[in-house]
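S.K.: with the sequence up front, the predicted model follows.
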Amino acid sequence: KVDPDYTGDKIGDPPGRITDAYISLQGKYGEAFFGALDRNWGPTGRDGWLTSAYPYSYDHLMVRVGTPAVRAEVLATELDDMTDSTGATIHRYWASTRVLVRPWKWVIASLDNATLWYGPNRGFELRYVNPLKVPYVTRVDDNLLDNQNTLLAGSLRLTLPRGIVLQGNLLIDAVSGFLSHA
């Protein structure tokens, strides 16, 4: 009842929500998932920058295709609507994608991107969920308004002998502004 991040019913009895509710179909080379479940694409023991379970799980669609050596993952969701200064409803959507490569047992690398797109007349757009395209390029190619924010990221994890693990992430935010001024 006192959590400032929880925007749901704090008065009802019992207060709260269902944290995990989902349907998942899993096979040897992929998974399809719909529902609410905590996701974390960060390094071991840390919240991910693009996708994490903080502060709550949320309803989303997630698809994973590939093998343990190479795989692509897509997560997409509709965010809560907001209102602008004129009172217009702004619809918001989020997609995180990544391609993971594990060429050897001791190396894992990923190339990640995420996009927030929004606007009063926006809907869910498949153009932002392709894990092999950078959403900023999609926006330019399709001549869309700049009602989106793209984040690019990468991670590398090396497991060395004697239990030594080196891991790091790099994140570039506001890619559209960064590239248009380059």
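M.R.: That came through fine.
S.K.: and Trp94, which of the three is it?
M.R.: strand (DSSP: H, G, I helix; E, B strand; the rest coil).
S.K.: find the centremost residue of this protein, please.
M.R.: Ser96 (2.9 Å; Cα atoms, centre = their mean).
S.K.: list the beta-bridge partners for that residue.
M.R.: Leu75, Ala114 (DSSP bridges).
S.K.: may I have stretch 39-48 as CSV, with CA atoms only?
M.R.: What follows is stretch 39-48 as a C-alpha-only set of coordinates in CSV (Å, rounded to 0.1, in the frame of the first residue of the first chain):
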residue,chain,number,x,y,z
ARG,A,39,12.3,-10.2,-17.5
ASN,A,40,15.9,-9.2,-17.1
TRP,A,41,18.4,-8.9,-20.0
GLY,A,42,21.1,-7.5,-17.8
PRO,A,43,24.4,-9.0,-16.6
THR,A,44,24.2,-11.7,-13.9
GLY,A,45,23.0,-10.1,-10.7
ARG,A,46,22.2,-6.7,-12.2
ASP,A,47,19.1,-5.0,-13.7
GLY,A,48,19.3,-4.7,-17.5
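S.K.: return the set of buried residues in that stretch.
M.R.: Arg39, Trp41, Gly42, Pro43, Gly48 (16 or more other Cβ atoms under 10 Å). The C-beta positions use only the backbone N, C-alpha and C, and glycine is treated the same way.
S.K.: that older thread, ok, the residue nearest to the centre of the chain to Tyr58 distance?
M.R.: 12 Å (Cβ to Cβ, to the nearest Å).
S.K.: all helices for this structure, in order.
M.R.: Using DSSP state H, the helices of the chain run over 135-141, 175-180.
S.K.: lowest average pLDDT across those helices?
M.R.: Lowest mean pLDDT within the helices of the chain: helix 175-180, a mean of 51.
S.K.: show me where this structure dips below the pLDDT cut-off.
M.R.: 1-10, 13-18, 43-45, 53-56, 175-182 (pLDDT under 70).
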